[in-house]
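Enquirer: with the sequence up front, the predicted model follows.
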Amino acid sequence: MIVLGTIGIRYFETGTLVLLLVATILVFLRRRPAGLVWFSALAVGTMAAHLFIEEGRWQLIPAYLLLFVLAFWLARPAGQPYRSARPYRAPGLIVRVVVALLALPALLLPFMAPLFVLPLPEGPHPVGSANVLVHDESPRSHTVWYPAAADRAARSGAGAAAGAATLAPFWSSDDLAAHRLPGLPWLLSTHLTLVPTPAGYRAPILESELPLLLLLPAEGSLPGDYVRLALEAASAGWLVVKMPGEPGTERVLATIAALADPDTDAALSGRVDPDRLAVLLTGTAPEPALGVPVIRVGTSSLFEAGLPSSSFEVLFPDAEIPASAFTTRALMVHPARLLVGSSDIAPGRIDSVLRHLLRTVLADGSPDAPVFSGTQPSQAELLSGASDATIRALPGGR
C-alpha cells in the first residue's frame, strides 16, 4: 500500500486511476493509432487484477465504468493523426469535454473517502489481535488486542506485528453485517473491511502475565471508533478486551473469569493477570461496579481517570468538541466535518493528546504504573503537547 499522509492507496488501484487519467487525455487525439489497442488491453488487465487481487471498493465504481468505456473507445483504431491542426467538430469536442468532466470526480472520489491509515502505536511492543469466543452469560465474540512476541524493529511500515502474514481489518465481516456509517447506506461502509490496522491477526502473544484493560463502548459506538486507544494500550504491554453490547457488572466479572480459563483460548492461557485490572469507558458507557481504576474518554472532558487514591480530568476549557471527534471517523472522509461535525479542536490533535494521556496513566501496567499505584503523574507529564488544556481534580478515588 502506498501511504500519502493518512491516506492509503493500493498498487493496482493506483494503476487503475493513472490509466484512467491517461485514457482521458488520449481521447483528445484527433485520430487514434492502431497501437492504442495495447493500451486498452493494459487498462482492462490492470483493472481486472485490482478487482481480483485487491478487491474493489465503492469509491472507484465511477472510475471502473469510465475506464471500461474508454478502453473500448481507444481500442477502435481510426487511422494516423492528422498532420495539420484541423479543429474538432462541435459534437466530438463536446463528447470529449464531457468525458473530462466525468473523469475529474471519478479520480477525486477515492481520495475524498479513502482507505485511511492508522498511526503505529508508540509502545515498545508490536500488536496482535484476535477474536475470542467467550462463554460468560452466553457465547459472544470479543475482540482482543495484546502485545505480540517480537521486537519493535520487526514491525513493517504498514504496521505488521511479529511478522504476521495478515493484518486485522478495521471492520470485520461481522461488523459490516451489523453496522453502517450513521445516516449513510450500507454500501458506503463496505470499504472499511479493506482498511488494515497495525495489528497482526493471531500474532504470537508476549510470554508473560499481562494486565487486563476492559474496553466498554458507549451505546451507538461503531466498530473501530476507539481502536487507536486499544492499540496504544496493547503496545504498552496490556491485554485489551472489547466488551460487546452494554455489559453489566455480572457479565464483566463472568468475562474476566472466562478469560482466565484455559479452555476459552489456548493462546491466552496463563497470560491474564486478574489482579491488575482497569476499565476504559468511552462516551457515556455505564461504569460497572468493580472498584477498579477507571478511565473515560469521549465526553465533555477530554480524559477522566479514577486512580486508587485520586481522580482527575483533563479538558480544553470552553472548547466545543462533538463526541465523534474522539473517534476514528475523522479519517474516513475528507473533509472530516462530513462525519464529525464542527470541532473547536482538530480531531487529529485530540487523538494525539488522548493517546499520550493513556500511555502516561497506564504506563506498562506494572504495579508501579500510575493506574495501579495511585501516584498521579505531574502536570508537565500529562499536558506535554497540550499546554492549553487544564487538569481539574475530581472527588473520590478507587
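Expert: Received the coordinates, thanks. Numbering: from 1, shown residues only.
Enquirer: in stretch 315-330, what counts as buried?
Expert: Buried positions in stretch 315-330, judged by neighbour count with 16 or more other CB atoms under 10 Å: Leu315, Phe316, Ile321, Pro322, Ala323, Ser324, Ala325, Phe326, Thr327, Thr328, Arg329, Ala330. The way it works is simple: take the backbone N, C-alpha and C, and place the C-beta from them, glycine included.
Enquirer: SS state for Thr375?
Expert: Secondary structure, DSSP: H, G, I helix; E, B strand; the rest coil: Thr375 is coil.
Enquirer: return the residues in contact with it.
Expert: Leu307, Ser309 (CB atoms under 8 Å, 6 or more residues apart in numbering).
Enquirer: hmm, try it at 10 Å
Expert: For Thr375, the contacting residues are Leu307, Pro308, Ser309, Ser310, Asp368, Ala369, by CB atoms under 10 Å, 6 or more residues apart in numbering.
Enquirer: from Gly220, how far off is it?
Expert: Separation of Thr375 from Gly220 (CB to CB, to the nearest Å) stands at 35 Å.
Enquirer: quick check: closest non-adjacent residue to Ser352.
Expert: Using CB to CB, 6 or more residues apart in numbering and skipping the chain neighbours, the partner closest in space to Ser352 is Gly385 (6.8 Å).
Enquirer: so the one you found makes contact with Arg359?
Expert: No - between Gly385 and Arg359 there is no contact under CB atoms under 10 Å: 11.7 Å.
Enquirer: when these two are compared, which one has more neighbours?
Expert: Arg359 (18 against 9; other CB atoms under 10 Å).
Enquirer: hey, where'd the helices end up in the stretch 101-250 of the chain?
Expert: 173-178, 227-236, 249-260 (DSSP state H, counting those that start in this stretch).
Enquirer: tell me, which of those is the model least confident about?
Expert: Mean pLDDT across the helices of the stretch 101-250 of the chain is lowest at helix 249-260; the value there is a mean of 84.
Enquirer: which residues sit against that helix?
Expert: With CB under 10 Å, 6+ apart as the criterion, helix 249-260 contacts 132-140, 142, 144, 212, 214, 216, 239, 241, 243-245, 247-248, 264-265, 268-274, 277, 279, 286-290, 292.
Enquirer: now restrict those residues to buried residues only.
Expert: 132, 134, 136, 140, 142, 144, 212, 214, 216, 239, 241, 243-244, 247, 264-265, 268, 271-272, 277, 279, 288, 290, 292.
Enquirer: filter those down to the ones in strands?
Expert: 132, 134, 140, 142, 144, 212, 214, 216, 239, 241, 272, 277, 279 (DSSP state E).
Enquirer: distance check, the last one against Thr375.
Expert: Okay, so that is Val279. 19 Å.
Enquirer: got phi/psi on Leu302?
Expert: phi -70, psi -40 (degrees, to the nearest 10).
Enquirer: wait, it sits on Ile295?
Expert: No - Leu302 is beyond contact range of Ile295, at 11.4 Å (criterion: CB under 10 Å).
Enquirer: sketch out the low-pLDDT regions of this structure for me.
Expert: Counting by pLDDT under 70, the chain shows low-confidence ranges at 77-88, 136-137, 151-165, 396-398.
Enquirer: quick one, domains of it?
Expert: Using automatic domain parsing, the domain ranges for the chain come out as 2-116, 127-394.
Enquirer: just those domains: most buried one?
Expert: domain 127-394 (a mean of 18; mean count of other CB atoms under 10 Å).
Enquirer: start and end of it, how far apart?
Expert: 33 Å (CA to CA, to the nearest Å).
Enquirer: return the distance of the closest residue in space to Ala100 that isn't next to it in sequence relative to Pro91.
Expert: Leaving aside its sequence neighbours, Ala100 sits nearest to Thr24 (CB to CB, 6+ apart; 5.7 Å). Using CB to CB, Thr24 is found at 18 Å from Pro91.
Enquirer: swap in Arg349?
Expert: Counting by CB to CB, the gap from Arg349 to Pro91 is 53 Å.
Enquirer: and the contacts of Thr375, which of them are in strands?
Expert: Among the contacts of Thr375, no member lies in strands (by DSSP E).
Enquirer: let's have the residues you listed in JSON lines, adding distance to Pro169.
Expert: Below are these laid out as JSON lines (distance: CB to CB, whole Å):
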{"residue": "Leu307", "distance to Pro169": "35"}
{"residue": "Pro308", "distance to Pro169": "37"}
{"residue": "Ser309", "distance to Pro169": "41"}
{"residue": "Ser310", "distance to Pro169": "39"}
{"residue": "Asp368", "distance to Pro169": "36"}
{"residue": "Ala369", "distance to Pro169": "31"}
